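# coordinates for the following, if possible.
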Amino acid sequence: MNKLLSKKEGFTLIELMIVVAIIGILAAIAIPAFSNYVKRSKTSEAGANLKSMFQGAAAYYEAENWGQGLTTAGATATASSHCTVDDAAMDNAPSDAKMTPDWPNETDTAAFTAVNFAPADPLYYQYSIDATPNASACGNGPDDTTVYTFFATGDLDNDGNLSTFRLEAGSNPDNSLYRAPGINSVDPLE
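All right, here's what the predicted structure looks like:
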């Protein structure tokens, strides 16, 4: 009976140190993997918004948008005018925190409104539209050229290195807007 009472139960110091070492190794592997997973999930915003901007730009491009003023008597006007918007950019600096879109001036606001890009939620990325200089403002659109380039620029870990996503849209010989098959990305997890 004394033998049973004298038996001590518990963990030795070596066993506890082994458990702590195992937990440390698992944490060293899991924390960076989790951080990259979170960054990848945040980058989905850029692709979705660039596609949304393209769809809005395609609708604007195909709509009949007339310039200000009248045509002279007896002159004919093209029914399909294929207008493009001006260059535009948000005025936010990319960071690791979500930000409410800030439109620096009326021209930028008008360009983003024309392509129906007015996100209600704060964003991780700064967005911009680059309209090619030879793209027509309100005439027959150019054939087989890049008309728009849409950009999303971000800094998800706030280290000063930027990630950039880019989607290009062009006009084909039928004068309809099409987009590149994929989104080009540079340092997507920066």
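# can you map out the strands along the chain?
Taking DSSP state E, the strands of the chain run over residues 88-89, 126-131, 145-154, 163-171, 177-179, 184-186.
# reformat these as TSV; add distance to Leu13, mean neighbour count and mean pLDDT.
Where you see a C-beta, it was placed from the backbone N, CA and C, and this is true even at glycine. Below are the strands of the chain laid out as TSV (distance: least, CB to CB, whole Å; neighbours: other CB atoms under 10 Å; pLDDT from 0 to 100):
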stretch	distance to Leu13	mean neighbour count	mean pLDDT
strand 88-89	61	20	86
strand 126-131	54	20	90
strand 145-154	48	21	88
strand 163-171	47	21	90
strand 177-179	63	18	86
strand 184-186	50	13	90
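# show the contacting residues for the most centrally placed residue in the chain.
Central residue of the chain (CA atoms, centre = their mean): Ala46, 2.0 Å from the mean position. Going by CB atoms under 8 Å, 6 or more residues apart in numbering, Ala46 touches 124-125, 152, 154, 165, 183.
# picking that back up, Serialize the strands of the chain to JSON lines and add fields for distance to Ser95.
Listed next are the strands of the chain as JSON lines, based on distance: least, CB to CB, whole Å:
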{"stretch": "strand 88-89", "distance to Ser95": "16"}
{"stretch": "strand 126-131", "distance to Ser95": "9"}
{"stretch": "strand 145-154", "distance to Ser95": "8"}
{"stretch": "strand 163-171", "distance to Ser95": "12"}
{"stretch": "strand 177-179", "distance to Ser95": "28"}
{"stretch": "strand 184-186", "distance to Ser95": "18"}
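# closest to Ile23 out of those?
For the strands of the chain, the distance to Ile23 is smallest for strand 163-171, at 32.5 Å, taking CB to CB.
# each with direction, which strands does the closest one pair with?
strand 145-154 (antiparallel), strand 177-179 (antiparallel), strand 184-186 (antiparallel) (DSSP bridges).
# want to throw those strands into JSON lines with distance to Ser35?
As requested, those are exported to JSON lines (distance: least, CB to CB, whole Å):
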{"stretch": "strand 145-154", "distance to Ser35": "15"}
{"stretch": "strand 177-179", "distance to Ser35": "31"}
{"stretch": "strand 184-186", "distance to Ser35": "18"}
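# of all these, which one is nearest Phe54?
strand 177-179 (5.0 Å).
# pull the distance from the closest one to the chain's centre.
18 Å (CA atoms, centre = their mean, to the nearest Å).
# neighbouring contacts of that strand?
Contacts to strand 177-179, defined as CB under 8 Å, 6+ apart, come from residues 54, 57-58, 61-62, 147-148, 167-172.
# go again using 7 Å as the cut-off
Residues outside strand 177-179 that contact it (CB atoms under 7 Å, 6 or more residues apart in numbering): 54, 57-58, 61, 147, 167-172.
# next, the buried residues of stretch 87-107.
Residues of stretch 87-107 classed as buried: 88-90, 92, 94, 101, 103 (neighbour count, 16 or more other CB atoms under 10 Å).
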